[in-house]
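J.: Sequence first, then the predicted structure:
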Amino acid sequence: MMMAQTDNPTIKCGTHGTVNSAVVCCHLLQKTEGVLGFVENSPEPDDLQAWCGACEEFFLSEGEMTEAFRAFNNFSLVCEFCYAKIKQQHSANP
C-alpha cells in the first residue's frame, strides 16, 4: 500500500532557508537575459514542477518521459521562492 504524500519535501536554500522544494529543468537555472519559457507540469497548485520551452518541445517529440528526455532536462530541486522568481523571469507573459 502506498502512502499519499501530504507535504512537499523541504530544501535548505542559501537565500530563503528551509522551505518547500520545487523541480525545474537545468536550463531554467542558467544565467541568461532571454526568456526561455516556463511550462508548468502539474495541475496541483502545491506540486511545483516546470521546464523550459526547449524541454517542452523535446518532451512532445519523445511522446513520454524517456531516458533521453531525462538527460536533456536534468531536473534540479529549488526552493518554492526561487521557483517563483524563475517563473517570473522566464514566463512569456510575466
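T.: Nice, thanks for sending it over.
J.: so what strands line up beside the longest strand anywhere in the chain?
T.: For the chain, the longest strand by residue count, based on DSSP state E, is strand 17-24. Here strand 17-24 is paired, per DSSP bridges, with strand 10-13 (antiparallel), strand 49-51 (parallel), strand 76-79 (antiparallel).
J.: got a list of contacts for the shortest one?
T.: Spelled out, it's strand 49-51. For strand 49-51, the external contacting residues (Cβ atoms under 8 Å, 6 or more residues apart in numbering) are 22-25, 27-28, 38-42, 59, 73, 83, 86-87. For every residue, glycine as well, the C-beta is placed using N, CA and C.
J.: Likewise for stretch 57-65?
T.: With Cβ under 8 Å, 6+ apart as the test, stretch 57-65 has contacts from W51, A68, F69, F72, N73.
J.: The same query, at a cut-off of 7 Å, please.
T.: For stretch 57-65, contacts defined as Cβ atoms under 7 Å, 6 or more residues apart in numbering pick out A68, F69, F72.
J.: Just the buried residues of that stretch, please?
T.: Judged by neighbour count (16 or more other Cβ atoms under 10 Å), stretch 57-65 contains these buried residues: F58, F59.
J.: per-residue confidence averaged over that stretch?
T.: In this model, stretch 57-65 has a mean pLDDT of 96.
J.: circling back: nearest to G34, out of the strands paired with strand 17-24?
T.: strand 49-51 (15.7 Å; Cβ to Cβ).
J.: The next helix-or-strand element following that closest one to strand 17-24, inter-axis angle?
T.: For strand 49-51, the succeeding helix or strand toward the C-terminus, using DSSP states H and E, is helix 53-62. Put simply, helix 53-62 runs at 50 degrees to strand 17-24, going by axes from the mean of the first three to the mean of the last three Cα atoms, to 10 degrees.
J.: and the closest residue to S21 other than its chain neighbours, how many neighbours?
T.: Using Cβ to Cβ, 6 or more residues apart in numbering and skipping the chain neighbours, the partner closest in space to S21 is I11 (3.9 Å). Using other Cβ atoms under 10 Å, I11 is surrounded by 17 other residues.
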